[in-house]
Structures are given as structure tokens and as C-alpha cells.
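# show me the folded form of this:
(chains A and B)
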Amino acid sequence: MGAGTAAPTSTKATSTRPKKPAPSRFSIVGSVAFLTLTLVTAWDWEYGVGLSLADLIDGLQRNNSPLQGLLDPDFSRIVADRSREAFLETLQMAVIGTVLGCAAALPLALLSTRIGAPNRAVYYLAKNVSNVIRSLPDLVWALLFVAALSVGTLPGIFALFFFSIAVTAKLTADTVDGIDTGPIEAARASGASHLQTLRTAIVPQILPAYTSWALYTFELNLRASAVLGFVGAGGIGSVINFHRGRGEWAEVWGIVVMFFLIVVVVERVSVTVRRRLL
Amino acid sequence: MSATPLGAAGPVRPEQPSERLKWIVTAVVAAAVLLSTATAGIRWDRLVTAPQDIAGIARLLFANISWERTGQLLLLMWESIAIAWLGTVIASVVAIPLAFFAAENLAGKVTVGVVRTILNILRAVPEIIIAIALIPIFGLTPVTGTIAIAIGSIGTLGKLNAEILETIDPGPVEAADAVGASRIERLRWGVLPQAMPEMAAFMLYRFEINIRVSSVLGLVGAGGIGSALAQYVQFRDFGSAGLALLIVILGTIAVDTLSSGVRRRIIAGPDRGVVEQNTSRAIAEQPV
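Numbering: from 1, shown residues only, chains lettered A, B, ... in the order given. Prediction:
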């Protein structure tokens, strides 16, 4: 093009590079906030964690019996009667907690979306309930239910029930927000009630995604149930915690490694099924 | 196409799709639940009294909260947030370079396989178990929690970041190659600018998850508000436990709201309304 001859702005024969755009205010503020927050939290003072390289070097030279146990795990523990029973218990807790939790999560998910809720008040109420449930992690639920119902599998199931509601309700609600509104209009046009609209126009659309989220929740629950026993909520975690308390690290790692091999297998299967669903 | 037969009464309904799979799945799930319920050693007598037990605990927790501990517990909640933030930052610093070796379009097949396997193993182990192994190194301090969260997050962040790198536009990379960029320059100018916003958004997303993780790491003594909560519950100081619980709930929701707002802004840009429709993965992902 003739642009070069038409506008010779500089007499020097330098290449006419476009000027680099100035960084936006958002990215400047963001970078400053990022650096400040990182420094504040890393610094060794009242409001920081106090990371220090000297402590790290010092700590690495200390005798670490847990890590030594990891080098020589005792796999025989997993076939021992006690661990096998506890593992089965873990699986049962995960199944019951997931299924009941996901069943309860579907109505909550529908009510916490604008399309699914019958009115504004219900929408805000359901959304806040879902947010509060979601803000507590699995182990805190377990801690509370152990305090209420004393130790055993029952508090573990209750904990996984609430944790499943938290996960599935949120993910499913997001799915509902993204659905095609055509069928809803069609249902309303043919005079469907709110419940009929949900049943015929919304639920069929989200069912594959919902099933996939339920499977995902099962994976999470299986993994979580390994540590629920730390607060007395049953399952394989109680065996891990027992050996941990006695400092038998080879046994601890034997169980942990075996358990997580099983978790990885379950996850592979679940991921394959979920890919097919979506 | 078969036209509607004129003689037939009423409209022709399309045939119902087969529902066999649905019934099989339902039956399997129902069987699994029944079997589990029947064989798990549940104390059924406890289930009967469970509702009133739970209501009793809720009353104990929230009826008379000991407000005088507010300052101390807020500081512990901040410690949990600090642990989560710093752990996530450290994880990102490790995971972003690792992601280049786990992306199929940027690294060799063998490298991708090896790195992905490592990431998967890291992803499978809960942070609380990592923390146990780290206690002898860092002691019962927040540093243990921070490093445990960092190690636990490398797996997920590495995997997500690799997926982002795999979906980049190859155009800028070709352009970098065409002007003779070195391997590093090619990544710096052709790949990184495209992936950076989504990577930042995913870091924040992981931070939101890690808030929840760090509030329980205290159960094994790795810092944060969890240890206080566990102690109050164990010593049946329910007034203080209720306050701690309240602070965890409100603190988590506050951080969530702030962080997801920033994520939205990173991905959608300043004009929120315009991009509302094609919601990016990084926005859609929720801390769970």
C-alpha cells in the first residue's frame, strides 16, 4: 500500500512499530493486589504464615518418620480383616451419602435458579441455603455430626449427605442457568403449571449433566470418606488415624496407597461414563 | 416421510424413546443403596433420635454465642485465608511451567504421559494426608498447611492449565515461528499471552476451593481456624464453636463473592453484558 509514502512521520528509517498499549487499570490494580497479598501472607508476622528457607532446610534435616514409612509401605494391612471391613464401610457410606444427597440436591438446584424457582423469594432463600451449605467443608460437617450423634458411620453418612448437596446443587444450578429456554416457552404456551414445566421442559434437559455431576460427587465423597475417620466418623479413615496415633507409618502408607489406587480406578471409570453422558 | 393419515383421529405422537438404560441405571443405584444400607453397621436406634440430637446441637451452637472470642477467631480465619492464598500461589508457580510439559500440542507424547501421571497422583491424595507427612518438617505451624495445600493443588492446576494451553489459537505461535523466535520466545510471545487470563482465573478458582481445605487442616494441627473449631467442639465449648462456625461460613462466602467477581472481570473484560452468553469454563467452574 502507499501508506509509507503518504505519511512519512519520521525522517529516520526505523520500522513503524505500533505503540505498545498501556496496561489497563484493572491489570495494574490486579498485579499490585496480587503482590501485596502474597507478601503480606508470606511474611513472618502476626498476619502472615512466615515462610522461610532456613526453616525449610532445617526441617528437611530433621528425622521424618512419616516420610520414612512412605518408602517402605506395609501393604499387608489392606487385606487385614479390620481394614477390609473399614474399607467396605467407606464404600457404603459414600454410596448412601451420595445417592441421598444428590436426590435432595435436585430440587434445591432447581429452586436456586431464576427459571426454576416459582418466585423471587424462594429463589433468594434457596440460593442462600445452597451457599451456606457449600461454605462448610466435609470434615467440618463430620465434626458437627459426630458431636451430635456420637462416633460411628451415621455421622459420616450425614456429613457426606450435606457435602453432596453442596456440590451437586451448585453444579446442577449452573447447568439449569445454561439450558435452552425454547421448551420452557413451549410448555408455558400449552398451559403447563410450574411443576409441569419443571418436569417436562427443564428436568429432561439437565438430566445427563445432573447424572454426570452425581458421579463426580461420588468420586469426591469416596476420596473425602478416607479422612472422615479422623474426627470419628467411621470408614477407612479411622483405621488410618489409629495407626497414625501409634506412629505406625508403614501401615498408614500401605492403606493410603492401596486406597488411592482404588480411588484412581473408580475415577477412570467415572470419567469415561461422564464423557459419554455429556 | 409418512404423512398424517387423514382417517386417523387426533395428531400422531412421536414414539417414546427407549428408556431401558434409564431403568437399568436406576435399578443398579437402588440395589447399591439397599445393599449398603443393609450391610453397613448403622446404629438405627440413633437415626430415630437423630433429628432431635441435631436440633439440640444447633441450639447449643447458636443460642448463646460467646462473642468475646471474635477478635481471636477473626485472626485465625485470616490465617486460614493466608494459608489458602499462599499455597495456591506456590502451586501456580510450579504448575504453570509444568503445564507446558503436560500439553499435547507443546510437548512430546512421552513427556506428556509422565507429567500427567504425576499430576494425577498428586490430585488423588487429600491435603490432610499430605499435611500429616509434612508435620515433622515444618512442625505444627501454618507453613505445614501452606505447603500441603501447594502440593495438593499442583495436580489440579497443572491439569487445568495444560487443558487451557491445548485450546489456544495456533496462529500467534506460527507467527512467532515465522519471525524466528527461539523456543522460549515462542512460548513467551506466542502461547503465554493467550493463556494467561484463563490461568489467572483458574488460580482464583482453586483459591476458593483451598479456603475450604485450609479451614479443616487445623484438625491435624496445620494452622488456621480448624484447630480452634475442633477443640471447642471436643471440649464441648459450644458457644465458641458456634462463633467459629459463623466466622468460617461468612468468611468463606465473602472470599467467594470477591474472588468470583474478579474471575468474571478477568474473563469477560470490562463490558460484562456483552460476553454474558459465551460463559467461559473459568467462570463456570465453581468451588466445590
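# give the contact list for residue 101.
You didn't pick a chain, so chain A it is. Taking C-beta atoms under 8 Å, 6 or more residues apart in numbering or on different chains, we find A:Gly101 in contact with A:160-165, A:168, A:217. From N, CA and C alone the C-beta is placed, and that goes for glycine too.
# wait, chain B
Counting by C-beta under 8 Å, 6+ apart, the residues that B:Phe101 touches are B:107, B:111-112, B:115.
# ditto for B:Leu246
Applying C-beta under 8 Å, 6+ apart to B:Leu246 gives the contacts B:62, B:65.
# mind checking pLDDT for it?
Predicted confidence (pLDDT) for B:Leu246: 95.
# got it, and A:Ala3?
43.
# about what we covered before: got a ChimeraX select line for the buried ones in the contacts of A:Gly101?
Per 16 or more other C-beta atoms under 10 Å in any protein chain shown, the buried members of those correspond to this ChimeraX selection:
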select /A:160,161,162,163,164,165,168,217
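# pull out the buried residues from the helix or strand harbouring B:Ile118.
Using DSSP states H and E, B:Ile118 maps to helix B:109-124. Using 16+ other C-beta under 10 Å as the test for burial, helix B:109-124 gives B:112, B:115-116, B:119, B:122-124.
# pLDDT-wise, which helix or strand of the chain ranks last?
I'll assume chain A. Every helix and strand in chain A was compared by mean pLDDT, DSSP states H and E; the lowest is helix A:3-6, with a mean of 45.
# let me rephrase: I mean chain B.
helix B:272-275 (a mean of 45).
# and the helices in the chain, which stretches?
No chain in the question, so chain A it is. A:3-6, A:25-42, A:53-61, A:65-71, A:81-111, A:120-135, A:138-149, A:153-177, A:182-189, A:194-197, A:203-228, A:236-245, A:249-277 (DSSP state H).
# the intended chain is chain B.
Going by DSSP H, chain B shows helices at B:20-39, B:44-62, B:70-102, B:109-124, B:127-138, B:142-166, B:170-178, B:183-185, B:192-217, B:225-234, B:238-268, B:272-275, B:281-284.
# could you give the angle of the third one to helix B:142-166?
With axes from the mean of the first three to the mean of the last three C-alpha atoms, to 10 degrees applied, the angle from helix B:70-102 to helix B:142-166 works out at 40 degrees.
# got the angle for helix B:70-102 vs helix B:109-124?
Using the same axes, to 10 degrees, helix B:70-102 lies at 160 degrees relative to helix B:109-124.
# quick check, A:Phe161 in contact with A:Ala94.
No: the pair A:Phe161 / A:Ala94 is not scored as a contact, 11.0 Å apart, by C-beta atoms under 8 Å.
# one step back: hey, least reliable of the helices of chain B by pLDDT?
Looking at the helices of chain B, the bottom one is helix B:272-275 with a mean of 45.
# and which of the contacts of B:Phe101 is nearest A:Ala192?
Nearest to A:Ala192 out of the contacts of B:Phe101 is B:Val112 (C-beta to C-beta; 50.1 Å).
# who's in contact with the closest one?
By C-beta under 8 Å, 6+ apart, the neighbours of B:Val112 are B:101-104.
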